[in-house]
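J.: Give me a 3D structure for the following:
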Amino acid sequence: MASKYTILAAQLRRLCTRMKREGKTKLPGEEEIAARTGNSRQTVRNALRVLEEEGLIRRIRGSGTYLADDRKDRNTQIAVLVSNADEYLYPQLIRDIRAVCLPAGLKTTVYSTGNMVMTEREILKTLLADKPAGILMESSKSALPSPNLDLLSGVERQGIPLVFLHAPLPVPADAPCIQDDNDGGARQLVRYLLNKGRRNIGGIFKSDDLEGTERYRGFISELIKNDCIVNEKAILWYDTEDSAKLPDKADHLPGHPDLTVLSGCDGIVCCNDEIAYRLIRSLLKVGVRIPDDVAVVSFDNSHYCFLSPVTITSLTHEKHQMGSIAARTLLNLIDEKSARSAHLTWTIRERASG
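T.: Reported below is the predicted structural model:
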């Protein structure tokens, strides 16, 4: 017959598993365990000693008994895949991720895909061999079908925790995604322009990323909802390759050197601040007054809002929100705690452009 402390140790192992699932770390005290289970304090001490020898718990004098941190036996690298680590939003995003990961004993390695699916594919092959502790991934050309689901299936089979940034993919099916409320943000910008008396509203969106297509959906849906005339010729599109071909990124719009298609617009929604900055510079050069002739609004509330010759009205999140939430979500997965997707809401910052 098994001894009392052996039976109790088995009960406490199940308790440890349940605590991990619920995100708890500190076990009840010896006296409480004894009262709950009907065992003596000595039996409790013997059972806890077994779990400590197994590496399941650690006891801190004067503090109590805690679940052991088993990350010391794992790869401590977090892989962060982004389109371009040097683009204006990403340095702060990466700093926010590192600010959460470093105190947890995890280091970050950043990979730039250039928003190219084959570059992403080679990176994923490397990660399957290296088996990092976790992956934060912004998928390439997220508005298009991904050719890399086979490698993501491998990530899932190996049990590598993964959190998507900005846009989800169907594999792993249960991977959380931290993304902007793109549809809602675009609707908010359209309502803002309508409230300012603007009625002929155009837009500029990115075609190969899900953020761009979601922002377009919210934009056009809100115009239709408010019985506005939709001028589809004044809705411009560009993609990653268009941006790469620009001779002067400050003074040209990707894919659209001729701005006459926007004539007649009294408001324009831009998919991000960089596009708004380029648009404002281009319009001013041809004598368009902002916001007298046309109001320009956008997403991200970045430094471009202040570099612009007319400061830009733009949507913003709480400071550090995207990177911090994504990193904490990944840590929860690594620790086998519950983790869920999140849509981040926007707040408007009104400035001179609108």
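J.: could you check the distance from Phe164 over to Ile78?
T.: Going from Phe164 to Ile78 by Cβ to Cβ, to the nearest Å gives 14 Å. C-beta: built from backbone N, CA, C; applies to glycine.
J.: after the helix or strand of the chain with the lowest mean pLDDT, next one along is what?
T.: None of the helices or strands of the chain scores lower by mean pLDDT, DSSP states H and E than helix 240-244, at a mean of 80. Next helix or strand after helix 240-244 toward the C-terminus (DSSP states H and E): strand 267-270.
J.: Checking my notes, Ser302 in a strand, right?
T.: No: per DSSP: H, G, I helix; E, B strand; the rest coil, Ser302 lies outside any strand segment and is coil.
J.: Hmm, Leu89 and it touching each other?
T.: Yes: contact criterion Cβ atoms under 8 Å: Ser302 and Leu89 qualify, at 6.4 Å.
J.: Looking at Phe164 and Ile78, which is more packed in?
T.: Neighbour totals were compared for Phe164 and Ile78, and Ile78 leads with 27 against 24 (other Cβ atoms under 10 Å).
J.: who touches the least confident helix or strand of the chain?
T.: Outside of helix 240-244, the residues within contact range by Cβ atoms under 8 Å, 6 or more residues apart in numbering are 83, 114-116, 141, 206, 208-209, 249, 254-255.
J.: any idea where the helices of the stretch 51-200 of the chain begin and end?
T.: Here the stretch 51-200 of the chain has its helices, by DSSP state H, counting those that start in this stretch, at 90-101, 117-130, 149-157, 182-195.
J.: Next, format these as JSON lines and append distance to Gly23 and mean pLDDT.
T.: Formatted as JSON lines, the helices of the stretch 51-200 of the chain follow (distance: least, Cβ to Cβ, whole Å; pLDDT from 0 to 100):
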{"stretch": "helix 90-101", "distance to Gly23": "16", "mean pLDDT": "95"}
{"stretch": "helix 117-130", "distance to Gly23": "26", "mean pLDDT": "96"}
{"stretch": "helix 149-157", "distance to Gly23": "22", "mean pLDDT": "94"}
{"stretch": "helix 182-195", "distance to Gly23": "29", "mean pLDDT": "98"}
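J.: Out of the ones you listed, the one nearest Ser324 is which?
T.: helix 90-101 (5.1 Å; Cβ to Cβ).
J.: Flag every buried residue along the closest one.
T.: Residues of helix 90-101 classed as buried by neighbour count (16 or more other Cβ atoms under 10 Å): 90, 93-94, 96-98, 100-101.
J.: Out of those residues, the closest to Leu189 would be?
T.: Leu93 (21.9 Å).
J.: Could I get the contacting residues of the closest one?
T.: Here Leu93 is in contact with 82, 322-323 (Cβ under 8 Å, 6+ apart).
J.: what does Lys125 give?
T.: Contacts of Lys125 by Cβ under 8 Å, 6+ apart are Leu151.
J.: Which pLDDT does the model give Lys20?
T.: pLDDT recorded at Lys20 is 78.
J.: Look at it and give its secondary structure.
T.: Lys20 ends up helix, using three-state DSSP.
J.: That one and Leu56, how far apart?
T.: Distance from Lys20 to Leu56, by Cβ to Cβ: 10 Å.
J.: returning to that earlier point: can you list the buried residues of helix 90-101 in a markdown table and add distance to Gln179?
T.: Putting those into a markdown table (distance: Cβ to Cβ, whole Å) gives the following:
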| residue | distance to Gln179 |
| --- | --- |
| Tyr90 | 15 |
| Leu93 | 13 |
| Ile94 | 17 |
| Asp96 | 15 |
| Ile97 | 15 |
| Arg98 | 20 |
| Val100 | 18 |
| Cys101 | 20 |
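J.: Return the closest of the residues you listed with respect to Thr6.
T.: Distances from Thr6 to those, taken by Cβ to Cβ, are shortest for Cys101, at 38.7 Å.
J.: does the closest one really touch Leu331, like I thought?
T.: Yes: counting by Cβ under 8 Å, Leu331 is a contact partner of Cys101 at 7.4 Å.
J.: circling back to that earlier point, can you mark which positions in the least confident helix or strand of the chain are buried?
T.: The neighbour-count check on helix 240-244 (16+ other Cβ under 10 Å) flags 240, 242-243 as buried.
J.: Which residue comes closest to the most centrally placed residue in the chain once chain neighbours are left out?
T.: The chain has Leu165 as the residue nearest its centroid, 3.3 Å off, counting by Cα atoms, centre = their mean. In space, Leu165 comes closest to Glu138 once its chain neighbours are excluded; the distance is 4.2 Å by Cβ to Cβ, 6 or more residues apart in numbering.
J.: Neighbours of the one you found, how many?
T.: Counted with other Cβ under 10 Å, Glu138 comes out at 23.
J.: Of the helices of the stretch 51-200 of the chain, flag the one that's most buried.
T.: Greatest average neighbour count among the helices of the stretch 51-200 of the chain goes to helix 182-195 (a mean of 21), per mean count of other Cβ atoms under 10 Å.
J.: tell me which strands and helices that helix is in contact with?
T.: Helices and strands touching helix 182-195, by 3 or more Cβ pairs under 8 Å, 6 or more residues apart in numbering; DSSP states H and E, are strand 201-206, helix 210-225, strand 267-270, strand 295-299, strand 313-316, strand 347-349.
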